[in-house]
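1. here is a sequence together with a model predicted from it:
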Amino acid sequence: FMESVMIKVTRFAPSPTGTLHIGGVRTALFNFVYSKQQKGKFLIRIEDTDEERSTREFEENILKGLADMGIVPDETPVRQSERSDLYQNAIVQIIESGQAYYCDCSKERLDDMRSKQQADGLKPQYDGKCRNLNLDKSEKSVLRLKTPQTGELIFHDLVRGEVIFQNSELDDLILVRSDGSPTYHFCNVIDDHDQGVTNVIRGEDHLSNTPRQIHIQQALKLPSLEYAHLPMVLGQDKKRLSKRNAVTSLQDYFDQGYLQSSMINMLARLGWSKGDKEIFYIDDLISDFRIQEVQKAGAIFDPAKLDWINNNHIAALSFAEFKSQLLPFLDKQNIDLDSKENSDEILQAMRTSKPTLAGIAEDLRPYFFNVDSYDEKAEKKFLIGSEKALEFIQRKLNGLEIWDEPSIDSALADTQAALDLPTPKLNQPIRIAMTGSTQSPSLGLTLCLFGKAESNARIQNALDHLKESPS
Ligand code: GLU
């Protein structure tokens, strides 16, 4: 006989109460990678039972963001709001099991009980008043789980090892509200079972929910699941990642021109590493990722690291790919590549000028448009007083018969020697004349890219500008 092998099924279960957050994408990615690696299935479940806070716009934003990351589920996502039949059946079952009971304690009684417990320094918990009363369902009653009152609940977490909770710390949680609607914990358990989920991979903030959910599973005699609780993503200040300490919206990163592959690389490193290796693509992750190697300590998100990663990923693109990824950013700058014969060379030279595509596109402006202003600091520091150097190099360059890097470089060297100038005193004013700032690739290459006539004209513009401006 062939032994039937249970395939691993993971899921990402976002609540659509906000836009897709990079912490959420990290959770989704780890679920996705783990399922691919195990040749299993990855599902998405929209946990939209909180009617007031859940919206379809947030749901769309989440699904689109995941799709933009290539995190695509193997089945059509389901919504909890459309599964009430399933939950209602499960409610009947848990009542039949004798593991749940109706409780009609009033809000006043519960509030009172809680304040007393707090005053006594105790953890607020339902005291079990109705547990053995065998009450019938009434209009104001809730359904509670008969949670074991003694003993321990132990589960194995793939990241955290053995996790132990004392049952006495857990009270009889509500499964169904008085209006008949099932609660979050109940739906979560029923759905994981119904969808055939085998592995729950989620943020550590859910760790304390796990014993409660396992008790619900056990009451219903459902098979147990494997858990992995991922470390929280922290900002540079070591506090939980939030809008206060980082850009958290995935779309904002795409809008800046961080590549999909860079985001995957960066997110994978939030809680997982492989030796000194820093550059990962999705296929590397699928082969190398080990859920057991995920760290327990919080994972700090470092934007400088992301810049470094993005620079590397951009440099590794084929030229054609680089160009097509850059196009929308060039459009935003109104840059028309056809307006220059040598636009490919310019793009190639500027490919690593900035860590993002938006930054690169901005840096490309002076190559496609006239310089209409000079960077103020650069002008003060280098341009003012550079008339002699500019006039000299202008004559030299105009005298060149061949316009290529070696000829330009030797004209620069000759000028520097003749005027006895340190390199920045010659090179920076030229750079400013050409691009408006002191940023450019090597100067020989820069001048080469502009061509002789344009270089001459821009140096002339800088000289005219220096004449006009009172220094
Ligand atoms: N809906 C929960 C959340 O948005 C996730 C629950 C889970 O993964 O079990 O945080």
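-> Yep, it's here. Nothing here was measured: the structure is a model prediction, and the numbers come from that model.

2. next one: the residue in the chain sticking out farthest from the centre from the ligand, what distance?
-> Most distant residue from the mean C-alpha position of the chain: Ala418, 54.0 Å away (C-alpha atoms, centre = their mean). Distance of Ala418 to the ligand, computed by C-beta to the nearest ligand atom, to the nearest Å: 69 Å. For the C-beta atoms, the positions are set from N, CA and C on the backbone; glycine is no exception.

3. same question for Asn398.
-> Taken as C-beta to the nearest ligand atom, the span from Asn398 to the ligand is 66 Å.

4. who's in contact with that residue?
-> Asn398 makes contact with 452, 456 under the criterion C-beta atoms under 8 Å, 6 or more residues apart in numbering.

5. could you do Gln236 as well?
-> For Gln236, the contacting residues are 245-246, 300-303, by C-beta under 8 Å, 6+ apart.

6. want to throw those residues into TSV with neighbour count?
-> Compiled in TSV, these are given as follows (neighbours: other C-beta atoms under 10 Å):
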residue	neighbour count
Asn245	15
Ala246	20
Ile300	16
Phe301	23
Asp302	16
Pro303	14
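
7. which of those residues sits closest to Asp120?
-> Asn245 (37.1 Å; C-beta to C-beta).

8. and the closest one, its phi and psi?
-> phi -120, psi 0 (degrees, to the nearest 10).

9. still on that earlier bit, quick check: which element contains the residue farthest from the centre of the chain?
-> When elements are assigned from DSSP states H and E, Ala418 belongs to helix 405-419.

10. check what contacts that helix and list those residues.
-> Helix 405-419 has contacts (C-beta under 8 Å, 6+ apart) with 388-389, 392-393, 396-397, 399-401, 421, 423, 426-427, 442-445, 447-448.

11. and stretch 21-32, by the same measure?
-> With C-beta under 8 Å, 6+ apart, stretch 21-32 has contacts from 10-12, 14, 42, 44, 62, 65-66, 69, 71, 199, 201-203, 228, 230, 232-233, 241, 246, 248-250, 253, 263-264, 267-268, 270-272, 289, 291, 294, 301.

12. near the ligand, which residues of this protein show up?
-> Within reach of the ligand by C-beta under 6 Å from any ligand atom, the chain has these residues: 13-15, 47, 188, 200, 202, 206.

13. can you give me how far the helix holding Ala418 is from the chain middle?
-> Relative to its chain's centre, helix 405-419 lies at 48 Å (C-alpha atoms, centre = their mean, to the nearest Å).

14. buried residues in it, which are they?
-> Applying a neighbour-count criterion of 16 or more other C-beta atoms under 10 Å, one finds 407-409, 411-412, 415-416 buried in helix 405-419.

15. equivalent analysis for stretch 197-210, please.
-> 197-204, 206-207, 209-210.

16. dump it to PDB, restricted to CA.
-> Written as PDB, here are the backbone C-alpha positions of stretch 197-210 (Å, rounded to 0.1, in the frame of the first residue of the first chain):
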ATOM      1  CA  VAL A 197      -5.100  23.800   7.000                       C
ATOM      2  CA  THR A 198      -2.300  21.800   8.600                       C
ATOM      3  CA  ASN A 199       0.100  24.600   9.500                       C
ATOM      4  CA  VAL A 200      -0.700  27.900  11.200                       C
ATOM      5  CA  ILE A 201       2.100  30.400  10.600                       C
ATOM      6  CA  ARG A 202       1.300  33.800  12.100                       C
ATOM      7  CA  GLY A 203       2.700  36.600  14.200                       C
ATOM      8  CA  GLU A 204       3.700  36.100  17.800                       C
ATOM      9  CA  ASP A 205       1.000  38.400  18.800                       C
ATOM     10  CA  HIS A 206      -1.400  35.400  18.300                       C
ATOM     11  CA  LEU A 207       0.600  33.100  20.600                       C
ATOM     12  CA  SER A 208      -1.800  33.600  23.500                       C
ATOM     13  CA  ASN A 209      -4.800  32.800  21.300                       C
ATOM     14  CA  THR A 210      -3.400  29.400  20.400                       C
END
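
17. average pLDDT across that stretch?
-> For stretch 197-210, the mean per-residue pLDDT is 97.

18. same question for stretch 377-395.
-> Mean pLDDT, stretch 377-395: 97.

19. farthest pair in the buried residues of stretch 197-210?
-> The most widely separated members of the buried residues of stretch 197-210, counting by C-beta to C-beta, are Thr198 and Glu204 (20.0 Å).

20. now the closest residue to the ligand within the stretch 101-250 of the chain: phi and psi?
-> Nearest residue of the stretch 101-250 of the chain to the ligand, counting by C-beta to the nearest ligand atom: Arg202, 3.7 Å away. The phi/psi pair for Arg202 (degrees, to the nearest 10) reads phi -150, psi 170.
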